[in-house]
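S.K.: Would you be able to build a 3D model of this:
(2 chains)
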Amino acid sequence: MAILVDNNSKVIVQGITGGAGRFHTERMLQYGTKIVAGTSPGKGGEKVFDVPVYDTVEECVKNHQADTSIIFLPARFVMEACVEAIYAGIKFVVVIPEHIPIFDMMQIRKEALKHNALVIGGNTAGIITPGEVNLGIMPDIAFSPGRVGTVSRSGSLTYYVADTLTRTGYGETTCVGLGGDPVLGTTFDEILWLFEKDEKTKAVVLVGEIGGVYEEKAKDTISKMKKPVIAMVGGLYAPQGKRMGHAGAIVEGEMGTAQSKLKALEQGGAHIAKTFLDIPEILKKLGI
Amino acid sequence: MRLYEYEAKKLFSRDGIPVPQAEIVKSPEDARNFAKKSGKPVVLKAQVLSGGRGKAGGIKFALNPEEAKEKAAELFSLKIKGFPVEMILLEEKVDVEKELYVGVTIDRLNYKLVIIVCTEGGMEIEEVARKSPEKVKKINLDIDEKLYQFQAQSLVKWLGVKGEQIRNVGNIISSLFKVFKSYDAKLVEINPLILTRKGEYIACDARMSVDDDALFRHKELSEMGIEKRHEEGEMTQREKKARGWEIPYVDLDGDIGMFPGGAGFGIMGNDFIHYFGGKPANFMDSGGGPTPERLAQMLILLDENPQVKAIFGARFGGISRCDDFAKGVVMFLKEHGLSKPMVLRMTGNMWQEGVRIFQQAEKENPEIFRNIEIHGIETPIEEIAKRAVELAKKM
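M.R.: Numbering: from 1, shown residues only, chains lettered A, B, ... in the order given. Predicted coordinates for the structure are as follows:
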């Protein structure tokens, strides 16, 4: 079991003929991800690593029953591509590019809700169900199949957490990157619930960072969950008003400080880890 | 990113929002000339990008041209949050009957646009909303919904505006919403919106923040000289240099140079340094798959910074490969050399190859590696952070 993606997922790559699309299509195929098709308007009929290319998402769904998409396109084209996928019936979309305009992301979110689809990103490293499917740009080396789910706004922190879980023998069920942009397709709550319902997942590691209020919002969800949640938040010592690499990582006024996030998460019942090494210690104490 | 007040007012005024007679001045002499021309008492407002301007003494009043010159000179010698005042917005002083607030922002959590009005202007809206929520009223809209005039007017009526002015203030709100939508703003505020003794409404202060990531579709902003900047506060020289190289970089006040991989770990790594008793000199993000040139630029920023005593490096090869990383670092060391000690951890994609490249280079040029400690996956990153703190303390 896993959440959102497994070895039955039929994946398409939007922007498959571009540099990043091509490079990561090869990597994902090597991992065993079932990429059934790709799109690139005007390049229908071509092939990339034996994967057929179409002009539209609609054709991919019709000919290959695709249900999942991953987007490798410049930020300014993401809204169109994402809504095209949703309208064609794709139920899960991974938005890899960063710096998607906020208004575009709000439009995407609205269309996704209306059509019962889920979008993660922008600026996500993707999602991986170790041993089955790697949908994104994450390094295989950090991950191994296991029993802890992770959800994070940052790619690099996902690697460090997974690396720690892998080295200590816990392994991961699924690791989800929500993305580093300020407005995200999906928030912690939705992913936490999926982990709660997943039989194989015994605990969840949530990694947050400064900016926005998605972590604060997760408090209520965590308090309703039966499974333990271990939380880490980056940016306790971050300055005010400066973007820290991720477009969404910025402290504005009192909103979005690491302190307020840690407080909310703790109130919700999460176990707080300060460093990666704390995570296996906490799991051990919880008897997992 | 935030706009200067005068930039925001220019945009507001283009869409029909009344603003005071004003001019931007860069010298005390120009301030005197403006006051003379206007013949009225004036307000002098330092143009800075940080909040708390009033408290820092960045706003002054003058009754006559000579006083305007004096006050301008005072403002030009002032530093607000460490940054010198380079521009002053001079405006004719407005007689205040009443102050209101109107603003538009984004509720990111609920994915809504929010139009906010408040019967009390001139204060921080968050604070008023917390202390006296009954003074604040909001309308939520979806991203693709329109603000109808009757909706704007109902807010205006709620504010207590009467008679003919209902239409005028309604138009101000509609225009403000239009500005918000047309420039991909994150926030637009008129605070305060002033009712003058003559019974007119006028936008006395303006605040506007736009989405950096949507700048590409707003040529009119770049034509006004508005380009990427911090959300708050001016950029330092080193930050400007980094921006020229497209490296996300923020100066901090510690002595450990941070040379990490992605943004997420960049943020967390800074916390780790603090946990172990040190202080980072900067935040930095290499971006995915940095080229050898970019790695060299990152190291140059740290090597040239006199504040930096030791360097903390981390690389988790994901989208990037460790062999490319090692090549980049070696290239920098050979061409430039590093004058400060560095402790580094490298793991992930192609780490074996990365280690081999480092070993080979060290064999050939042991002297350039004298101050460098390289670790792999066997050493937890926490240990690397501790070591960096130690190295900085020794220097």
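
S.K.: how close does residue B:212 sit to residue A:243?
M.R.: Look at residue B:212 and residue A:243: by C-beta to C-beta, to the nearest Å, they are 8 Å apart. Where C-beta positions appear, they are placed from N, C-alpha and C, glycine not excepted.

S.K.: swap that for residue A:35, please
M.R.: Residue A:35 is 34 Å from residue A:243, by C-beta to C-beta.

S.K.: Comparing the two, which shows the higher neighbour count?
M.R.: The neighbour count for residue A:35 versus residue A:243, taken as other C-beta atoms under 10 Å in any protein chain shown, is higher for residue A:35 (26 against 22).

S.K.: nearest residue to residue B:158 other than its sequence neighbours?
M.R.: Leaving aside its sequence neighbours, residue B:158 sits nearest to residue B:137 (C-beta to C-beta, 6 or more residues apart in numbering or on different chains; 5.3 Å).

S.K.: The one you found: which element?
M.R.: strand B:136-141 (DSSP states H and E).

S.K.: Please pull up the helix or strand immediately following that strand.
M.R.: Once strand B:136-141 ends, the next helix or strand along the chain (criterion: DSSP H and E) is helix B:149-158.

S.K.: roughly how far is that following helix from the heart of the chain?
M.R.: Its chain's C-alpha centre and that of helix B:149-158 lie 33 Å apart, by C-alpha atoms, centre = their mean, to the nearest Å.

S.K.: list the helices and strands that helix packs on?
M.R.: For helix B:149-158, the packing partners by 3 or more C-beta pairs under 8 Å, 6 or more residues apart in numbering or on different chains; DSSP states H and E come out as strand B:112-118, strand B:136-141, helix B:165-182.

S.K.: Pop the domain breakdown of the chain in here.
M.R.: Since you didn't name a chain, this refers to chain A. A:11-120, A:126-285 (automatic domain parsing).

S.K.: switch to chain B, that's the one I care about
M.R.: Domain assignment for chain B, taken from automatic domain parsing, gives B:21-92, B:96-223, B:237-394.

S.K.: can you list the residues that contact the strand holding residue B:137?
M.R.: Identification of contacts with strand B:136-141 by C-beta atoms under 8 Å, 6 or more residues apart in numbering or on different chains yields B:107, B:110, B:112-118, B:125, B:128-129, B:147, B:151, B:155, B:158-159.

S.K.: what do you get for stretch B:356-363?
M.R.: Applying C-beta under 8 Å, 6+ apart, the external contacts of stretch B:356-363 come out as B:323, B:326-327, B:329-330, B:333-334, B:368-369, B:374.

S.K.: again, only this time at 6 Å
M.R.: For stretch B:356-363, the external contacting residues (C-beta atoms under 6 Å, 6 or more residues apart in numbering or on different chains) are B:326, B:330, B:369, B:374.

S.K.: mind giving me CSV with the domains of chain B and columns for mean neighbour count and mean pLDDT?
M.R.: What follows is the domains of chain B, written out as CSV (neighbours: other C-beta atoms under 10 Å in any protein chain shown; pLDDT from 0 to 100):
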stretch, mean neighbour count, mean pLDDT
domain B:21-92, 18, 93
domain B:96-223, 18, 94
domain B:237-394, 20, 91
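
S.K.: out of the ones you listed, which comes closest to residue A:31?
M.R.: domain B:237-394 (12.7 Å; C-beta to C-beta).

S.K.: chain center to that closest one, what's the gap?
M.R.: In terms of C-alpha atoms, centre = their mean, the centre of domain B:237-394 is set 25 Å apart from its chain centre.

S.K.: swap in stretch A:31-49?
M.R.: 22 Å.

S.K.: Show me the strands paired with the strand holding residue B:137, marking each as parallel or antiparallel.
M.R.: Strand pairing for strand B:136-141, using DSSP bridges, gives strand B:112-118 (antiparallel).

S.K.: any idea of the angle the partner strand forms with helix B:165-182?
M.R.: 150 degrees (axes from the mean of the first three to the mean of the last three C-alpha atoms, to 10 degrees).

S.K.: quick one: pLDDT of whichever residue of chain A sits closest to chain B?
M.R.: Nearest to chain B in chain A, going by C-beta to the nearest C-beta, is residue A:154, at a distance of 2.1 Å. Looking at residue A:154, its pLDDT reads 91.

S.K.: Wait, it touches residue B:264, no?
M.R.: Yes: using C-beta atoms under 6 Å, residue A:154 is in contact with residue B:264, at 2.1 Å.

S.K.: of all the residues in the stretch 101-250 of chain A, which ones are close to chain B?
M.R.: Within the stretch 101-250 of chain A, the positions adjacent to chain B are A:101-103, A:106-107, A:109, A:137-139, A:141, A:154-157, A:159, A:183, A:209, A:212-213, A:217, A:234-237, A:241-242, A:244-247, A:250 by C-beta under 6 Å from any C-beta of the partner chain.
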